[in-house]
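> A predicted structure for the sequence below; I have some questions about it.
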Amino acid sequence: MGQVLQIRVIAQTHRVEDAQARWPGLFALAFGPTTPVPYDERGVSPLVENIRQVIEFATLGKALSETMKPALPPVVAASERLEAALADWKPGEANKAAIALEDALDALEKLAPAE
C-alpha cells in the first residue's frame, strides 16, 4: 500500500433492488417494518446478519425458525469464507465464496414464507 493510495478488495451489493427481487422472502423477514436499517444499507451482508439473528433467536416464531435453521449453516459458512478471502486479498476465492453465498441464500429463500 502506498502512503496516499489504499488498495482494498471489497464485496458490495451493486443494486439492492436486484437482491430484494432475488430473495423477497428473506428481505421481508430480515428487514421488516420494525428493522431500523436504511434502504441503502440493505445489501447482502446486512441481509445475512439480520436473517441469521431472526432464525437463531426465533424472532418470528419457533416453527419458522426450526424450518429454516437447517439451511442457515451454508449461508453463514459462505459469508465467513467471503469475508476471509477479502481480508486476505484473494479475489478469486472471494468470487467462489460469493457464488456459494448466493446459492445458499437461494436455498434459504425456498424455505421463507411467501410475502
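Good, I have the coordinates.
> where does this structure dip in pLDDT?
For the chain, the stretches with pLDDT under 70 are 1, 34-40, 115.
> so the residue nearest the centre of it is in which element?
Closest residue to the average C-alpha location of the chain: residue 48 at 2.8 Å, with Cα atoms, centre = their mean. Remark: residue 48 resides in helix 44-56, with elements defined by DSSP states H and E.
> if we can go back for a sec, nearest residue to the residue nearest to the centre of the chain in space, ignoring adjacent ones along the chain?
For residue 48, ignoring the flanking residues on the chain, the nearest one in space by Cβ to Cβ, 6 or more residues apart in numbering is residue 79 at 4.8 Å. Quick note: C-beta positions are derived from backbone N, CA and C, even for glycine.
> Go ahead and report the secondary structure state at the one you found.
The local conformation at residue 79, judged by DSSP: H, G, I helix; E, B strand; the rest coil, is helix.
> swap in the one 4 residues further on?
Per three-state DSSP, the local secondary structure of residue 83 is helix.
> okay, now it: neighbour count?
Residue 83: 14 surrounding residues under other Cβ atoms under 10 Å.
> Residue 32 now?
Burial of residue 32 is recorded as 12 neighbouring residues (other Cβ under 10 Å).
> Residue 25 versus that one, what's the distance?
Going from residue 32 to residue 25 by Cβ to Cβ, to the nearest Å gives 11 Å.
> try residue 60
11 Å.
> Please enumerate the shared neighbours of these two.
With contacts defined as Cβ atoms under 8 Å, 6 or more residues apart in numbering, no residue is adjacent to both residue 60 and residue 25.
> on that earlier part again, whichever helix or strand comes after the helix holding residue 48 packs against which elements?
Once helix 44-56 ends, the next helix or strand along the chain (criterion: DSSP H and E) is helix 62-68. Judged by 3 or more Cβ pairs under 8 Å, 6 or more residues apart in numbering; DSSP states H and E, helix 62-68 is in contact with helix 44-56.
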